[in-house]
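> Coordinates for the following, if possible.
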Amino acid sequence: MRKILVTGAKGQVGWELVRTLAPLGDVVAVDMSELNITDTDAVRSFVRELKPAIIVNPAAYTAVDKAEAEPELAMQVNGIAPGVFAEEAKRLDAWLVHYSTDYIFDGSKPTAYVEDDQPNPQSVYGQTKLAGEQAIRAVGCKHLILRTSWVYGARGHNFMLTMLRLGNERDELKIVADQFGAPTWSRGIAEVTAQILAQLHSPMISTELAASRSGTYHLTAAGETSWHGFAAEVVRQGLPERQVTMTPIATDQYPLPAPRPANSRMSNQKLQNTFAVQSSAWEVELAMCIANAA
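The predicted model follows:
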């Protein structure tokens, strides 16, 4: 069986990938305690010994506000490590799957972003994630850079779990209503990733055709909402017995160290056209996640 290396195995997306990719090969799952991806020599040694056919790298420094005070560490994880994985993938003629973010854009575009739109990250987190993308492209290995947004799941720390907790504790929640995007379930990301990799490694597709599909794609749930709309739906679905007043506020009423894009909407059309995969509506994904977490 082909070996599939999954980093960040205890993270939201990584945990789902370990299970979703299992039918495609022998999954070797590691977290930072087993493979410190800021240690370049350790990464190279590990990959060269394992010889994976696919490297899937959801590991990331995702503390958006904390990154403003820790730019070097954020760059090590988000910017430098992906380039090292790309170099080792090229050496092995392996595929690299890497996850990026809506934060590489400044959010000023009035419509959904497409893959060729000019990045202009406004935060350290966004800048380091863009650096990771650029490092992978510079190496030129076979790769899928999958940009996603507003990721949540039944595990870890995320907006959905925070809203469920606060909705149980408070009678009023004040939520930002002037930032828009697509809340995306971590399992949905993992499932689409598995569908794409199954196609690329199918005996029905030539190696040349598979390689031609290397590139950057947007992968989010279908539809759009605001953080306020997302929070209201989380409370409606997850806490039906609670009466919580959901008060909309502007971004400047909730200042944070790192700026957020006002528009995080990203078009999935390229992904659909290339791989014929389609994400579910964000409200449907949310219902499945809440049911799974119960």
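> neighbours around residue 170, how many?
12 (other CB atoms under 10 Å). Using the backbone N, CA and C atoms, a C-beta is placed for each residue, glycine as well.
> which stretches of the protein form helices?
12-20, 40-50, 71-75, 81-92, 124-139, 159-169, 186-200, 207-212, 227-238, 269-275, 282-293 (DSSP state H).
> Specify the stretch among those that is closest to residue 106.
Between residue 106 and those, the shortest separation by CB to CB is 8.5 Å, and it involves helix 124-139.
> And that closest one, how far out from the chain middle?
Taking CA atoms, centre = their mean, to the nearest Å, one finds the center of helix 124-139 at 14 Å from the center of the full chain.
> Now do the buried residues in that helix.
124-137, 139 (16 or more other CB atoms under 10 Å).
> Kindly indicate which of those lies nearest residue 156.
For the buried residues of helix 124-139, the nearest to residue 156 is residue 125 (16.7 Å; CB to CB).
> Can you verify my assumption that that closest one contacts residue 258?
Yes. The pair residue 125 and residue 258 passes the contact test of CB atoms under 8 Å, sitting 6.2 Å apart.
> which neighbours do those two share?
The contact sets of residue 125 and residue 258 overlap at 64, 67 (CB atoms under 8 Å, 6 or more residues apart in numbering).
> ok, the buried residues of helix 124-139 vs residue 217, which is closest?
residue 133 (11.7 Å).
> re earlier: closest one of the buried residues of helix 124-139 to residue 193?
residue 136 (15.7 Å).
> Give me the contacts around stretch 18-35.
1-11, 14, 42-43, 46, 50, 52-54, 56, 59, 187, 190-191, 193-194, 197-198, 201.
> ok, 7 Å please
1-10, 42-43, 46, 50, 52-53, 56, 190-191, 194, 197-198 (CB atoms under 7 Å, 6 or more residues apart in numbering).
> how much space between residue 254 and residue 280?
Distance, residue 254 to residue 280, by CB to CB, to the nearest Å: 29 Å.
> do residue 104 as well
Residue 104 is 24 Å from residue 280, by CB to CB.
> So between those two, which is more surrounded?
residue 104 (26 against 17).
> Test my guess that the more buried one contacts residue 128.
No. Contact criterion CB atoms under 7 Å: residue 104 and residue 128 do not qualify, at 9.8 Å.
> ok, the nearest residue to residue 101 once chain neighbours are set aside - contacts?
In this structure, residue 101 finds its nearest non-sequential neighbour in residue 129, 5.0 Å apart by CB to CB, 6 or more residues apart in numbering. For residue 129, the contacting residues are 78, 100, 101, 103, 104, by CB under 7 Å, 6+ apart.
> Next: residue 139.
83, 86, 87, 90.
> what do you get for residue 281?
Residue 281 touches 221, 222, 223, counting by CB under 7 Å, 6+ apart.
> count of neighbours near the first one?
What that stands for is residue 221. 27.
> how much space between it and residue 197?
20 Å.
> ditto for the second one
Per CB to CB, residue 222 is found 21 Å from residue 197.
> before we move on, what about the last one?
Distance of residue 223 to residue 197, given as CB to CB: 25 Å.
> The two: which is more packed in?
residue 197 (24 against 16).
> gap between the closest residue to that one other than its chain neighbours and residue 141?
The spatial neighbour of residue 197 that comes closest, neighbours along the chain excluded (CB to CB, 6+ apart), is residue 24 at 5.8 Å. Distance of residue 24 to residue 141, given as CB to CB: 19 Å.
> Who has more neighbours out of the two?
residue 141 (21 against 17).
> Not counting its neighbours along the chain, what's nearest the more buried one?
Using CB to CB, 6+ apart, the closest residue to residue 141 is residue 90 (3.8 Å).
> and the one you found, how many neighbours?
Using other CB under 10 Å, residue 90 has 16 neighbouring residues.
> can you check residue 254 too?
Neighbours around residue 254, by other CB under 10 Å: 12.
> Surely it and residue 177 touch.
No. With contact defined as CB under 7 Å, residue 254 does not reach residue 177; the gap is 10.3 Å.
> related to what we said a few turns ago, so which of the contacts of residue 129 is the closest to residue 217?
Distances from residue 217 to the contacts of residue 129, taken by CB to CB, are shortest for residue 100, at 9.9 Å.
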